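Student: Structure, please.
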Amino acid sequence: MKTIAVLLLSFFCLSVTAQVETEIAPPYNIKTASFVQSSQNVVPIFRLGESFDFQFDDLFGNEADYYYEITHCDYNWVPTDIPKSDYLSGFDSQKIQEYINSFNTLQIFTHYRLSIPNNYTKIKLSGNYVLTILNSDKEVVLKRYFVLYEEKLPVALKIRRPRTVKNIYSKHNLNFEINTDDFLLQNPTQNLKVVLLQNGNFNTAIKNIVPQYNVGNVFVYKYDMETQFWAGNEFLNFDSKDIKNANNYVSFVSSENGIYNTHLYTNNAKTSFPYSNYSDLNGNFSIRKLDGENNTIEADYSWVYFSLSAPLANPNSSVYIVGMFNNYMTTPENKMDFNTKNGLYEKAILIKQGFTNYQYLTVTNKGLIDLENAIDGNFYQTENDYTVLVYYKGTADRYVKVVGKGAANSLNITN
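Tutor: Model (predicted):
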């Protein structure tokens, strides 16, 4: 009986330690949490050794103390069992030192900036990482994914039209090759793995695709169905850099509740309309203020009022407003309410001023993202950024490395 008890306890401990790390949305007072490089919000995929920042605003504006932790994970975002000293030079669990209060804004906030590497922390290994922000009580405030890669395996990526007639006008197909000439692979069908991303969105990633075949040291992925993404439509946008006045797609601005209120024109579902080409940031956003010297602390916040006319929306699903500005999170804060009086979906979200991309996302009652029946349709002409990340763990390796990255844009689509 003692032996059985020990085995059960060991199994329980292993099941606990093998839990998948998931991203955690911040509370209502934490806004505009984003990875930043060269003063631009970016998809959090960086070459090992590059410098980048993680920044966010605290709307309480009381200069609270926040701390950070960095966790190395495997291909499936399960924390690895290697010591932290193996992947960190120095240590984490440190207080974020850089913060500054807003200036000349109606909505007060404290802006925080965590630079990596810094005087305390330097990351030594490639791989999947989870950044955890904690408050002074060491309670988790938010968790975000980021990836560090090495350029060891060249990846040639091409975007093609699907070969299936059914999806030829609505999907993008990723064909790619991984060249391993200068890299010794052990059992590549099991040890070599890839992740495919559309516009850097981890929520819709395609995983667990094995090489279709190899030609010498080149591993070829020329699938059709397995590597297809729904093409979607161009992101919607609004520009509030002049937050006091109406701009493109802004109907009117008010300030009756102490801060600005940006009321957008009602959007109509585009699934039954022809594709129309207009520029976007592929889901990204840019913080900026007209005539501001420091956009980080001078850009203000406003309640942005969204409304959507979508009679084709599934009654068994919910509609969310998402983009990089809220990390595509399908949380109650981003869920639209249906107004039975005017027949519109409506929602107000507090957003920092600037140029913001967003889209309407349908999620079923089972929590599944319904891209096939996207509110704005799927058009092969849509311009998207695509990324292939290559993971490898040799037979004797203790952790998974990210050994290659390929990128392409669907503007260069071929048949």
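
Student: CA atoms for contacts and neighbours, from now on please.
Tutor: Fine.

Student: Now find how far off-centre stretch 76-90 is within its chain.
Tutor: In terms of Cα atoms, centre = their mean, to the nearest Å, the gap separating the centre of stretch 76-90 from the centre of its chain is 22 Å.

Student: Report the rounded mean pLDDT for that stretch.
Tutor: Throughout stretch 76-90, pLDDT has a mean value of 95.

Student: cool, and stretch 365-385?
Tutor: Averaging pLDDT along stretch 365-385 yields 93.

Student: Then stretch 245-252?
Tutor: The predicted model gives stretch 245-252 an average pLDDT of 90.

Student: And the residue nearest the centre of the protein?
Tutor: With distances taken as Cα atoms, centre = their mean, the chain has residue 201 as the residue nearest its mean C-alpha position (4.3 Å).

Student: Contact partners for the closest residue to that residue other than its chain neighbours?
Tutor: On the basis of Cα to Cα, 6 or more residues apart in numbering, the spatially nearest residue to residue 201 that is not a chain neighbour turns out to be residue 328, at 7.7 Å. Applying Cα atoms under 8 Å, 6 or more residues apart in numbering to residue 328 gives the contacts 201, 203, 321-322.

Student: Check the spacing between residue 328 and residue 73 real quick.
Tutor: Taking Cα to Cα, to the nearest Å as the measure, residue 328 falls 21 Å from residue 73.

Student: How many neighbouring residues does residue 166 have?
Tutor: The number of residues packed around residue 166, counting by other Cα atoms under 10 Å, is 9.

Student: Can I take it that it is in a helix?
Tutor: Yes: counting by DSSP: H, G, I helix; E, B strand; the rest coil, residue 166 is found in a helix.

Student: Could you check how far it is from residue 375?
Tutor: Distance, residue 166 to residue 375, by Cα to Cα: 19 Å.

Student: Tell me how far the residue nearest to residue 201 lies from residue 346.
Tutor: 18 Å.

Student: Could you do residue 304 as well?
Tutor: Remark: distance between residue 304 and residue 346 (Cα to Cα) = 11 Å.

Student: And the helices in this protein, which stretches?
Tutor: Under the criterion DSSP state H, helices of the chain are mapped to 2-17, 84-87, 188-191, 295-298.

Student: Buried residues, stretch 226-240. List them.
Tutor: By neighbour count on 16 or more other Cα atoms under 10 Å, the buried set for stretch 226-240 is 227-240.

Student: Same question for stretch 128-139.
Tutor: For stretch 128-139, burial by neighbour count (16+ other Cα under 10 Å) applies to 128-134.

Student: So what's the gap between that stretch and the chain middle?
Tutor: How far stretch 128-139 lies from its chain's middle: 18 Å, per Cα atoms, centre = their mean.

Student: Also stretch 46-55?
Tutor: Distance, stretch centre to chain centre, for stretch 46-55: 15 Å (Cα atoms, centre = their mean).

Student: Just the C-alphas of it, formatted as PDB.
Tutor: Only the C-alpha atoms of stretch 46-55 are listed here, as PDB (Å, rounded to 0.1, in the frame of the first residue of the first chain):
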ATOM      1  CA  PHE A  46      12.900  37.900 -31.400                       C
ATOM      2  CA  ARG A  47      16.300  36.600 -32.400                       C
ATOM      3  CA  LEU A  48      18.200  35.300 -29.400                       C
ATOM      4  CA  GLY A  49      20.400  38.200 -28.100                       C
ATOM      5  CA  GLU A  50      18.200  41.000 -29.400                       C
ATOM      6  CA  SER A  51      16.900  43.700 -27.000                       C
ATOM      7  CA  PHE A  52      13.200  44.300 -26.500                       C
ATOM      8  CA  ASP A  53      10.900  45.800 -24.000                       C
ATOM      9  CA  PHE A  54       7.600  44.900 -22.400                       C
ATOM     10  CA  GLN A  55       5.500  47.900 -21.500                       C
END
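
Student: Contacts for that stretch next, please.
Tutor: 32-38, 111-117, 123-126, 146-151.

Student: so where's this protein uncertain?
Tutor: Of all residues in the chain, those with pLDDT under 70 make up the ranges 1-18, 312-313.

Student: 50 - rerun?
Tutor: Filtered on pLDDT under 50, the chain yields the residue ranges 6-8, 11, 13-17.

Student: Tell me who's in contact with residue 147.
Tutor: Taking Cα under 8 Å, 6+ apart as the test, what residue 147 contacts is 44-46, 126-129.

Student: ok, which pair from these is furthest apart?
Tutor: Taking Cα to Cα, the two most distant members of these are 44 and 126; they sit 13.1 Å apart.

Student: So which of those two has more stuff around it?
Tutor: More neighbours sit around residue 126 than around the other of residue 44 and residue 126, counting by other Cα under 10 Å; the figures are 22 against 19.

Student: ok now do residue 282, which residues does it touch?
Tutor: Under the contact definition (Cα under 8 Å, 6+ apart), the residues listed for residue 282 are 199, 234-235, 357, 383-385.

Student: where along the stretch 151-300 of the chain do the strands fall?
Tutor: 155-160, 171-179, 192-198, 206-207, 213-215, 218-221, 228-230, 236-239, 250-254, 260-264, 267-268, 285-287 (DSSP state E, counting those that start in this stretch).

Student: Which neighbouring elements make contact with the fifth one?
Tutor: This means strand 213-215. If contacts are counted by 3 or more Cα pairs under 8 Å, 6 or more residues apart in numbering; DSSP states H and E, strand 213-215 sits against strand 218-221.

Student: quick one, domains of this protein?
Tutor: The domain map for the chain lists 20-149, 155-231+382-412, 238-364, with the assignment taken from automatic domain parsing.

Student: In CSV, list the ones you listed along with distance to residue 370.
Tutor: Below are those laid out as CSV (distance: least, Cα to Cα, whole Å):
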stretch, distance to residue 370
domain 20-149, 20
domain 155-231+382-412, 10
domain 238-364, 6
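
Student: ChimeraX command to pick out the buried ones of the contacts of residue 328?
Tutor: Entered in ChimeraX, the line below selects the buried ones among the contacts of residue 328, by 16+ other Cα under 10 Å:
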select :201,321,322
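
Student: Throw the buried residues of stretch 128-139 into CSV and include distance to residue 289, thanks.
Tutor: Supplementary listing: the buried residues of stretch 128-139 in CSV, determined by distance: Cα to Cα, whole Å:
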residue, distance to residue 289
128, 34
129, 33
130, 31
131, 29
132, 30
133, 27
134, 30
